[in-house]
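Novice: give me a model of this one.
(chains A and B)
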Amino acid sequence: MTTKILLALTLLAGAVQAQTVTGKAFGTYVNAAGVTSQSPVATLPSSGGMATGQADAFGVPGAVDASWLNAVTTGDVDNKKSGAQSTSELEQVSVAGGAITADVVTAIATAYFGQFTGGSDAEGSGFANLVVNGEAITTEVAPNTRVDLPGVGYAILNEQIPTGNGVTSWGMTVNMIHVVLQDALTGLTTGEIIIGSASSSVAR
Amino acid sequence: MNQARHLSLALGACAAVLLVAACQKDVASPTAGTITAGIKPKPGGGCANFRLTGGGRVDKPEPETGKSPPSSHDFATFGFQARPDDACPFENAGSGNIEWNEHLETAYGGGFAFHGQVTVFGTPNDGSETNPQCGRFGGFGRLNPHNGATEEDVTFEVNHACDVDEPGVGQDHIYMRIGPLADGSIYFRHSLLSGGNIQWHRLTGNN
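Specialist: Numbering: from 1, shown residues only, chains lettered A, B, ... in the order given. This is a model prediction of the structure:
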């Protein structure tokens, strides 16, 4: 009898421990010309809670300029429902020497599960007054939109990368501007710039 | 209770709040009113038996849903964790943090970032308590306006943060008040979520 109770408690403890959440958000990441630089990163503790990473301004000459960088991730874990939601936003953004600009860049990644369902999404992510190659983008940018940046490389706008198996785990990473820097002659990748990144995942 | 319901119906004009009270019409309206206590006491006293986490984005006032157009800065983003204070040193004592970033250029300070610390936590009394998965919390924080000097010890109150269902977009909702601010105004924004989620969790013996 005692053995059965111990076994049940062990299984129960295992089930509870299986619930996990992750969350991460940051404003900018630059890897260019041998230099790597990143704005403050918010990383959610594995037990849930809240983390922030903020800066009034961030700049790497020729790569990125931005103000009011705010990265926040929150989450909670229990056996009935868990969730993580991560947000990154920046204002007055200029990327790749002004090839891409925006008043506001917002990345939101959400992952959750409840008693009967789970999921993840990037709802709420977007740009305010986005301009690409001098052209104003006045509509919502579809997920994973590729634009060429002459002399720079290319960018994926509103990059969304789902994670998890969709049965017991769900997750989403969203990078609002992901610039791939390329050598103008060879086309080889020489670096990357990420602006507005948020990731969240849950598992049970 | 009747008084609480009456006050909830009057939100948008004049509301009792956690630590301050103020009449309000819009973001820049002047303050007036009396100090009241707002958080509904838990029967029998003590502290709440649930916690809340959330984060995401709010745009249009309830009951509208969805994002503002890409040309608009009319939205805010947020993240919070709020719960009763473990030691419960006084009734409805709370702990936690909230970040609230307003982007509307005509809002106070041309937009701002607010970093708040939760000191009280309990059940709403603005009508949203009919949903058992709503909470109310408040405290003090630092407000960094885009145009202007930092303000310390600014009062805030989340009149309600409600976990209606999963996913949270278009279902969960939150009502944020900050102020009185340096010019005497009260900032507020209340909306269904256009991004993110709010989760309500019952406290157990372990957490």
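Novice: for chain A, give me its nearest residue in chain B.
Specialist: Of all residues in chain B, the one sitting closest to chain A is B:G195 (1.4 Å; Cβ to the nearest Cβ). Quick note: C-beta positions are derived from backbone N, CA and C, even for glycine.
Novice: surely that residue is in contact with A:T110?
Specialist: Yes: between B:G195 and A:T110 there is a contact under Cβ atoms under 8 Å: 7.2 Å.
Novice: higher neighbour count, these two?
Specialist: A:T110 (35 against 29; other Cβ atoms under 10 Å in any protein chain shown).
Novice: what is the mean pLDDT for the host helix or strand of the more buried one?
Specialist: Using DSSP states H and E, A:T110 falls within strand A:100-113. In this model, strand A:100-113 has a mean pLDDT of 97.
Novice: and it, which strands flank it?
Specialist: Taking DSSP bridges as the criterion, strand A:100-113 sits next to strand A:82-95 (antiparallel), strand A:118-121 (antiparallel), strand A:126-128 (antiparallel), strand A:130-132 (antiparallel) in its sheet.
Novice: ok, now how distant is A:S197 from A:Y112?
Specialist: Separation of A:S197 from A:Y112 (Cβ to Cβ, to the nearest Å) stands at 19 Å.
Novice: could you do B:R202 as well?
Specialist: 17 Å.
Novice: of the two, which one has the most company?
Specialist: Remark: of B:R202 and A:Y112, A:Y112 carries more neighbours, 26 against 13, as counted by other Cβ under 10 Å.
Novice: OK, contacts around that one?
Specialist: For A:Y112, the contact set (Cβ atoms under 8 Å, 6 or more residues apart in numbering or on different chains) comprises A:81-84, A:118-120, A:170, A:202, B:166-168, B:197, B:199.
Novice: ok, so of these, who is nearest B:C47?
Specialist: B:Q199 (19.1 Å; Cβ to Cβ).
Novice: in the helix or strand hosting that closest one, which residues are buried?
Specialist: Element membership of B:Q199, judged by DSSP H and E, is strand B:187-202. Buried residues in strand B:187-202, counted by 16 or more other Cβ atoms under 10 Å in any protein chain shown: B:187-201.
Novice: burial of B:R57, as a residue count?
Specialist: B:R57: 27 surrounding residues under other Cβ under 10 Å.
Novice: ditto for A:D183
Specialist: A count of nearby residues for A:D183, using other Cβ under 10 Å, gives 11.
Novice: what bridges to the most centrally placed residue in chain B?
Specialist: With distances taken as Cα atoms, centre = their mean, B:V158 lies nearest the centre of chain B, 1.6 Å away. Beta-bridge pairing of B:V158 under DSSP bridges involves B:F137, B:M176.
Novice: next up, the contacts around it.
Specialist: B:80, B:82, B:98, B:135-138, B:174-177.
Novice: just the strands from chain B, written as ranges.
Specialist: B:14-15, B:22-23, B:50-58, B:76-84, B:94-102, B:112-122, B:134-145, B:151-162, B:173-178, B:187-202 (DSSP state E).
Novice: in JSON lines, list those along with mean pLDDT.
Specialist: Compiled in JSON lines, the strands of chain B are given as follows (pLDDT from 0 to 100):
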{"stretch": "strand B:14-15", "mean pLDDT": "32"}
{"stretch": "strand B:22-23", "mean pLDDT": "31"}
{"stretch": "strand B:50-58", "mean pLDDT": "97"}
{"stretch": "strand B:76-84", "mean pLDDT": "98"}
{"stretch": "strand B:94-102", "mean pLDDT": "98"}
{"stretch": "strand B:112-122", "mean pLDDT": "97"}
{"stretch": "strand B:134-145", "mean pLDDT": "97"}
{"stretch": "strand B:151-162", "mean pLDDT": "98"}
{"stretch": "strand B:173-178", "mean pLDDT": "98"}
{"stretch": "strand B:187-202", "mean pLDDT": "97"}
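Novice: winner for burial among the ones you listed?
Specialist: Compared across the strands of chain B, strand B:50-58 shows the largest average neighbour count, a mean of 28 (mean count of other Cβ atoms under 10 Å in any protein chain shown).
Novice: tell me the spacing between whatever residue of chain A ends up closest to chain B and B:A107.
Specialist: Of all residues in chain A, A:G124 sits closest to chain B, at 1.4 Å by Cβ to the nearest Cβ. For A:G124, the distance to B:A107 (Cβ to Cβ) stands at 18 Å.
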